[in-house]
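Chemist: Sharing a sequence plus its predicted fold:
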Amino acid sequence: MSLKKKLDRMKPHLKQQHADKPVQGTDALPHMDLWKSNDTDLFVSGDQYCLIREVHFPLDYKHGHYKLEAFKHAVEAWNNVNFNHSLSAKGFAAEDLFFFDTETTGLSGTGTSIFLLGYARVDKDKIIVKQHILTDPANEVALYLSFLENVDYEMLVTFNGKSFDWPQVKSRHTLIRKHVPKLPETGHFDLYHASKRLWKSSLNSLKLKSIEEKKLGFERKDDIPGYLAPAIYFDFVERKHPEGMLKVLEHNEKDILSLITLYTHISFQLLGTDESQNSKEKLETGKWFKKEGVSNLSEKYLTDSYEMDQNPSAAFHLAFEHKKQHQYPQAITLWEISLEKGLPKEQRESAIEIAKLYEHHLKDFKNAYLFAMQAIKALDTEDLKNERKQKILGQIKHRLNRISRKMSGNNPK
């Protein structure tokens, strides 16, 4: 973020009197010796205060399969490619990305408060994790002051943050916006949606914990379940003892470090440097590049997926690339594979696509009719609502009638 943008956010608050660093001592919060022994200290603003924990990790620290320094390699690699992607860090330095996660008192609604703002970023030869802790619901201004005064980043990286974390931040910020700096303008990489694109068909769960275990090689030990965090926080507000909250901080820290390695892992999948990438992942990567409009890489990944294990879904999607290049025999061959071995929907659509090619391009109306009939057979096996199935059946019958007229020599309309 440029200095000008940062100053513009801060203008209304530059004259407010408060500490810009953690300061010592308040009678309202006991056990400060225990907090300090866990890298946590006070931030005070007027009559409000919060806690800030700061922990440093060397770049050779290993979190699951990856050392943290692999993230820097991923950013460097993005800056050396000649294609665009919605998850690309091209044009950014590693220091520009801001890995962000929250803990809240509930899932949604106006009564939901954020009691922990956690983030990590690269600082030269280390990763700094900072966590801003709401000591009491009445201290929300101090929480956001401590957070917003020092954030300086270009790209937010979250896990479901577009739908949850950042809207919650914006909602709470609106309530106290007269007392705190503006929220920074930023881009946003949401790794939940990226994970969904790659693994929705191969993982039973897309929760971060499941992805950690199945894809990142990280298994949590003695970690609290996330759903217990609100109850632990309310207990902390009442008793002021940090024991439970320290476990919440540890849980949040793991979430944040996993964001770093997850971005790294997905980047390596997209950049073609993950040697362990399997056929399903290559298939989904190819489909993703197709949506991004990068046809050459889409075709490459789909071809790799098919050649790896004759994946019929890869054959189905790869056939469209051949059709687009007017390579009709190759497209038909691939769709025939999909028709024989693919998913029910792919079987039906493969039959229709082959029928289209025979009817409109190859002028082989007999085969066009036969494959349209096979589409009806495939439709019977699909699990669809009757209304939807009848609509598709009507479309296929309309095609059959048109082909029949062509076969009889009539000029169809």
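Modeler: Arrived safely.

Chemist: shouldn't Met407 be in contact with Asp364?
Modeler: No: with contact defined as CB atoms under 8 Å, Met407 does not count as touching Asp364 (10.3 Å). Quick note: C-beta positions are derived from backbone N, CA and C, even for glycine.

Chemist: what's the neighbour count on Asn296?
Modeler: Asn296: 9 surrounding residues under other CB atoms under 10 Å.

Chemist: correction: Lys124
Modeler: 7.

Chemist: Might you report the residue contacts of Pro344?
Modeler: Residues near Pro344 by CB atoms under 8 Å, 6 or more residues apart in numbering: Ala378, Thr381, Glu382, Asp383.

Chemist: Most neighbours of all these, which one?
Modeler: Busiest of those [other CB under 10 Å] is Ala378, holding 22 neighbours.

Chemist: Just list what the strand or helix carrying that residue packs against, helices and strands only.
Modeler: For Ala378, the element it lies in under DSSP states H and E is helix 365-380. Identification of packing neighbours for helix 365-380 by 3 or more CB pairs under 8 Å, 6 or more residues apart in numbering; DSSP states H and E yields helix 344-356, helix 386-408.

Chemist: Measure how far the direction of the longest one deviates from that of helix 365-380, in degrees.
Modeler: Between the axis of helix 386-408 and that of helix 365-380 there is an angle of 170 degrees, by axes from the mean of the first three to the mean of the last three CA atoms, to 10 degrees.

Chemist: Looking at the helices and strands packed on helix 365-380, which is nearest to Leu116?
Modeler: With CB to CB as the criterion, Leu116 lies closest to helix 344-356 of the helices and strands packed on helix 365-380, at 43.0 Å.

Chemist: quick one on the thing from earlier: which of the helices and strands packed on helix 365-380 is buried the deepest?
Modeler: Neighbour counts (mean count of other CB atoms under 10 Å) averaged over each of the helices and strands packed on helix 365-380 peak at helix 344-356, with a mean of 22.

Chemist: Near the residue nearest to Phe218 when sequence neighbours are not counted, how many residues? Count them for me, please.
Modeler: Closest residue to Phe218 apart from its sequence neighbours, by CB to CB, 6 or more residues apart in numbering: Gly64 at 3.1 Å. Counted with other CB under 10 Å, residues neighbouring Gly64 total 17.

Chemist: Over to the one 10 residues further on?
Modeler: Here the number of neighbours of Ala74 (other CB under 10 Å) works out to 25.

Chemist: Check His326 too.
Modeler: Number of residues near His326 (other CB under 10 Å) recorded here: 9.

Chemist: Begin at 47, not 1, for the rest of this chat.
Modeler: Fine by me, first position is 47 from now on; the one you just mentioned is His372.
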